[in-house]
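1. coords please:
(2 chains)
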Amino acid sequence: MSLDLHAAAPPEPGAPRSARHTRRRAASMTRLDLKYSPYLYVLPFFVIFAVFGVYPIAYTVWIALTDRSPLNPTISFVGMDNFVELITEDPQFWNAVVNTFGMFALSTVPQLLLALMLANALNRKLRAQTFFRMAIAMPIITSTAVVALIFSMLYAKDFGLVNWLLDSIGLDPIDWRANRFASWFAISTMVDWRWVGYNALIYLAAMQSISKDMYEAAALDGASRRRQFWSITVPQLRPTIIFTLIISTIGGLQLFTEPLLFTSGSGGLSGGSEGQFQTITMYLLDVMNQRFRWGYAGAVALVLFVLIALMSAINYLLARRISSDK
Amino acid sequence: MTTTAVRPPTRHSAPVKTTHRAERLWKASPLTMIGLIFGVLLSLFPFYWMIVIASRTNDAANSWPPPFLPGGKLGENIERVLANSDANILKGLMNSFLVAGTITVATVFFGSLAGFAFAKLRFRGKNALLLIILTSMMVPIQLGVLPLYILMAKLDWLNTMPSVTVPFLIGGFGIFMMRQYAEQAVPNELIEAARVDGCSTWRVYWHVVAPALRPAAAVLGLLTFMEQWNQFFWPFVVLADPSNPTVQISLRSLNTAYFADNSQIFAGTLIATLPLFVVFVLFGRQIIGGIMEGAVKS
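-> Model (predicted):
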């Protein structure tokens, strides 16, 4: 697109006396406009991003190398001390890492599998198609806070619906907050309830762009539906699966609201009596706002970021490997 | 997050004659239908449960077996939660409308402007700038949370709405979505023609590009409003004072009360969800379309 061709505005009819002068000025205005307008249009993002994105991140790197705290009158440079302490002598941090990854795995795998199955079902010829899609997508209107509060009550120890169901099929009730694995399970169901439908819609969109001829050919060759699903649908969906996996990784490793509100009353940041469902983000705020160790909190934030980047890369490679094997 | 799922939307428009076999191939089996209906029930049940508990007394809510049908106390519970001075939920609602509304308008405006620039204008460094925007979408807010908090304190914005509004006025997603749409929805010839007529870049945007972007702008607006309405982590950090909350922070206050009043909490969740429920009923198709389009294109 060669806009420069039109840089000189055509002379207007009935131009005033100093027509040439005006024209020249208009031409230079146009040149300025063409040259600088694009920068002006993208500027708002870069201003916001510089002030509220880049600057805080750069500052985090600096803070993590100090012992800064609102309780300390002075700030001293401590080098890598915070990182050394975090990695070698902080069991609570590693507890949070284990919890975060545990809940991440426990929620993401079923979430994406269920979404794939749902999408596959929605991709059939259906009556009331719009109704089904709307109903499946409905949970995305709820906030994580709302989800956490509703499910917290479903998982209540004494009068919760889930324990009532367990009881009515003859099983013992579970103290969903006290037991580590039970709390992970409960929190994972919150995440999954909200996100399965969303992911299903993304998969459905990708499925609809797979050529139907492939399925017809496979059916002619006698491939069952299950076989078609694994041999055609899943490989064709590879880029989409990688996409959802990365999105889930970024979201999953930042898990915060659901475990926070799973504790009613104050003290939600500690994630249960023994930190059995405290995530890295909860620990970060705990260090920052309860213990006021700002330098140390900076180190936690950086390590969290590295973990997210690493996990995204691993998932990417894994997803590529898995779906190309099929 | 966007270059991964590239796949041109080759529509498999129905062939001229659908064969009998193809017809059978795409029929939903009874098992599929049962699975689907089960999925729908699971998806809708928590909404139903919200209404059941929000319309019961707290004693009935905490009884064994749990109640399964709505009761008649909805109005009373809503009144109680509105009057709850720890939660300030009315203030929270107004703040949330203000914050989410402002961010939505700004995102649509700045997003379409920058999206237009990236899709249709030529300028030096375009690709590098676009790459920065893409990268920015991968960075979690947690990474900079502490300096951001200190910055807010310095600006004297703690416990005020600018702290949860200004940093989010425009994000990478909005720009990227508008760019994708502008690329295919605005023909270059149209822009050239406007240029020949002597339109400045701004007038090209305002009179040619903006009207063409309207459908995408509507979807972006809906998605942005929903996302911002539901924001929790950052408001939790900077709005520690419960007297000036967003609605999600009001819910948090209800939950931290010494005595857990579930029917009141659930009335609160109902109030906090209602605006988005209305949005979803009115514009659900567009929202779903937006999610699906985004998946195929981005």
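
2. What helices and strands are in contact with the strand or helix carrying B:F45?
-> Using DSSP states H and E, B:F45 falls within helix B:30-54. Helices and strands touching helix B:30-54, by 3 or more Cβ pairs under 8 Å, 6 or more residues apart in numbering or on different chains; DSSP states H and E, are helix A:91-122, helix A:129-137, helix A:144-154, helix A:180-208, helix B:74-83, helix B:262-297. All C-beta atoms are positioned from the backbone trio N, CA, C, and that covers glycine.

3. list the contacts for A:L318?
-> Applying Cβ atoms under 8 Å, 6 or more residues apart in numbering or on different chains to A:L318 gives no contacts.

4. gap between it and chain B?
-> 14 Å (Cβ to the nearest Cβ, to the nearest Å).

5. Confirm that that residue sits in a strand.
-> No: counting by DSSP: H, G, I helix; E, B strand; the rest coil, one finds A:L318 to be helix, located in no strand.

6. what number of residues lie near residue 290?
-> Since no chain was named, I'll use chain A. By the criterion of other Cβ atoms under 10 Å in any protein chain shown, A:Q290 has 11 neighbours.

7. ah, I was thinking of chain B
-> Around B:G290 there are 21 residues (other Cβ under 10 Å).

8. The one 3 residues further on now?
-> The local packing of B:E293 (other Cβ under 10 Å) involves 19 other residues.

9. Tell me how many other residues crowd the nearest residue to it once chain neighbours are set aside.
-> Spatial nearest neighbour of B:E293, chain neighbours left out: A:A205 (7.2 Å); criterion: Cβ to Cβ, 6 or more residues apart in numbering or on different chains. Using other Cβ under 10 Å, the number of residues around A:A205 comes to 24.

10. Apart from its chain neighbours, what residue comes closest to the residue in the stretch 101-250 of chain B positioned nearest to chain A?
-> Nearest residue of the stretch 101-250 of chain B to chain A: B:G144, at 2.9 Å (Cβ to the nearest Cβ). Among residues not flanking B:G144 along the chain, A:P56 sits closest, at 2.9 Å (Cβ to Cβ, 6+ apart).

11. my guess is the one you found meets B:Q142, correct?
-> No: contact between A:P56 and B:Q142 fails when scored by Cβ atoms under 8 Å: they sit 10.6 Å apart.

12. could you give me the average pLDDT of the helix or strand where A:P239 lies?
-> Assessed by DSSP H and E, A:P239 sits inside helix A:238-252. Across helix A:238-252, the average pLDDT comes to 87.

13. Give me the below-cutoff pLDDT ranges for the chain.
-> I'll assume chain A. For chain A, the stretches with pLDDT under 70 are A:1-20, A:322-326.

14. Correction: the question concerned chain B.
-> Short version for chain B, where the test is pLDDT under 70: B:1-24, B:295-298.

15. and with 80 instead?
-> B:1-28, B:61, B:63, B:257-260, B:294-298 (pLDDT under 80).

16. Give me the neighbour count for B:V186.
-> Close neighbours of B:V186, defined as other Cβ under 10 Å, add up to 20.

17. Next: the one 4 residues further on.
-> The burial count assigned to B:L190 is 14, neighbours taken as other Cβ under 10 Å.

18. dump the residue contacts of it.
-> Remark: with contacts taken as Cβ under 8 Å, 6+ apart, B:L190 is in contact with B:V208, B:A212.

19. which of the residues in the strand or helix carrying it are buried?
-> Using DSSP H and E, the element containing B:L190 is helix B:188-196. Buried residues in helix B:188-196, counted by 16 or more other Cβ atoms under 10 Å in any protein chain shown: B:I191, B:E192, B:A194, B:R195.

20. and chain A, which of the residues you listed contact it?
-> For chain A, the contacts drawn from these by Cβ under 8 Å from any Cβ of the partner chain are B:I191, B:E192, B:R195.

21. Pipe these into TSV and attach distance to A:I136 per row.
-> Formatted as TSV, these follow (distance: Cβ to Cβ, whole Å):
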residue	distance to A:I136
B:I191	40
B:E192	44
B:R195	46
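
22. which among those gets closest to B:G35?
-> For those, the minimum distance to B:G35 (Cβ to Cβ) is 48.9 Å, reached by B:I191.

23. Touching, the closest one and B:A119? I think so.
-> No: counting by Cβ under 8 Å, B:I191 sits too far from B:A119 to count as a contact (10.1 Å).

24. quick one: contacts of stretch A:108-123?
-> Contacts with stretch A:108-123, where a contact means Cβ under 8 Å, 6+ apart, come from A:129, A:132-133, A:136, A:188, A:191-192, A:195-204, A:207-208, A:229, A:233-234, A:237, A:241, A:244-245, A:248-249, A:252, B:28, B:32, B:35-36, B:39.

25. hmm, try it at 7 Å
-> With Cβ atoms under 7 Å, 6 or more residues apart in numbering or on different chains as the contact definition, stretch A:108-123 has outside contacts at A:132-133, A:136, A:191-192, A:195-196, A:199-200, A:203-204, A:207-208, A:229, A:233, A:244-245, A:248, A:252, B:28, B:32, B:35-36, B:39.

26. And these, which of them are buried?
-> Taking 16+ other Cβ under 10 Å as the criterion, what is buried in the contacts of stretch A:108-123 is A:132-133, A:136, A:191-192, A:195-196, A:199-200, A:203-204, A:207-208, A:233, A:244-245, A:248, A:252, B:28, B:32, B:35-36, B:39.

27. Domain-wise, how is chain A divided?
-> In terms of domains, chain A is parsed into A:3-63, A:83-325 (source: automatic domain parsing).

28. Quick one, which of the ones you listed gets closest to B:I103.
-> Nearest of the domains of chain A (Cβ to Cβ): domain A:3-63, 11.0 Å.

29. Could you check how far that closest one is from the centre of its chain?
-> How far domain A:3-63 lies from its chain's middle: 35 Å, per Cα atoms, centre = their mean, to the nearest Å.

30. Could you do stretch A:103-113 as well?
-> Going by Cα atoms, centre = their mean, where stretch A:103-113 is centred and where its chain is centred differ by 13 Å.

31. repeat for stretch A:151-166
-> Stretch A:151-166 sits 28 Å away from the centroid of its parent chain (Cα atoms, centre = their mean).

32. just stretch A:193-204 next, same as before
-> 13 Å.

33. just stretch B:238-251 next, same as before
-> Here stretch B:238-251 is found 19 Å from its chain centre; the criterion is Cα atoms, centre = their mean.
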